[in-house]
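Trainee: no FASTA, just this:
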């Protein structure tokens, strides 16, 4: 029988000496292997486990629940956020009301890149929106995640190096293995109908699309935020407010003024 992976997370009430050793010994006696272990948040520990059958996990759960020093928080087959929590030692902040919105700050770029790379590895249509103020690292994170996922990235609209507005792609660029990057501000303010025809074609493609400034994108198109599978918010610090007031100023879009804001 092929081995299965499980995720165990427990909260420590009394961090007595030898507690981790006792749990590791218990896992060994049950023939359960520890794949990865790390602290998760302040008083929690997470483990990726591997075993041959569910009976081993049931026995583990039964024994752990008799221990006074810990409380089991999660014991389940691992999800994406579980794997990232063990890898980085903390959970990604998630919006309480909108479960598809995830929040990061600039000093968590490594975690953000890892998170997006795991999404990029998945097959099929994915529409991801990224909110954030200028120069916070949105485009750079998308490119880095594409590299980590071993995917090719294509700018459909962007201002990373110079303003880019694509109206067509060559045949081999219509690949489901590519990551298509769009800037919502550039597309809605500077593009023509041929550009929008291209975007509609890409939206039907079974591939990953990433839209920077999704709120501007949906404000001027037939798409809505409900069409997005993930919304990522990237801030310089947790208290920063993401606003688009400057976008509505006409001077922003006159001649060379647009590129000065590096959206």
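Mentor: Cool, the structure landed. Model, not experiment: these values are computed from the prediction. Numbering: from 1, shown residues only.
Trainee: And the strands in the stretch 101-250 of the chain?
Mentor: All strands of the stretch 101-250 of the chain, identified by DSSP state E, counting those that start in this stretch, fall at 101-105, 126-132, 152-155, 157-158, 164-165, 178-183, 208-212, 230-235.
Trainee: Export those strands to CSV and append columns for mean neighbour count.
Mentor: Every C-beta, even on glycine, is put in place using the N, C-alpha and C of the backbone. Output for the strands of the stretch 101-250 of the chain, formatted as CSV (neighbours: other C-beta atoms under 10 Å):
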stretch, mean neighbour count
strand 101-105, 19
strand 126-132, 22
strand 152-155, 18
strand 157-158, 24
strand 164-165, 18
strand 178-183, 25
strand 208-212, 27
strand 230-235, 20
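Trainee: Ranked by average pLDDT, which of those strands falls at the bottom?
Mentor: Confidence, taken as mean pLDDT, is least for strand 164-165 of those (a mean of 88).
Trainee: Next, residue 9: phi, psi?
Mentor: Residue 9 adopts backbone torsions of phi -130, psi 130, taken as degrees, to the nearest 10.
Trainee: List the beta-bridge partners for it.
Mentor: residue 46, residue 74 (DSSP bridges).
Trainee: Counting neighbours, what do you get for it?
Mentor: 19 (other C-beta atoms under 10 Å).
Trainee: From residue 165, how far off is the closest residue to residue 59 other than its chain neighbours?
Mentor: Leaving aside its sequence neighbours, residue 59 sits nearest to residue 30 (C-beta to C-beta, 6 or more residues apart in numbering; 5.9 Å). With distances taken as C-beta to C-beta, to the nearest Å, residue 30 is found 59 Å from residue 165.
Trainee: Same check on residue 195?
Mentor: Residue 195 is 6 Å from residue 165, by C-beta to C-beta.
Trainee: Same check on residue 65?
Mentor: According to C-beta to C-beta, residue 65 stands 59 Å off from residue 165.
Trainee: likewise residue 229?
Mentor: Remark: distance between residue 229 and residue 165 (C-beta to C-beta) = 25 Å.
Trainee: residue ranges with poor pLDDT in this structure?
Mentor: The chain contains residues with pLDDT under 70 at 1, 161, 246-263.
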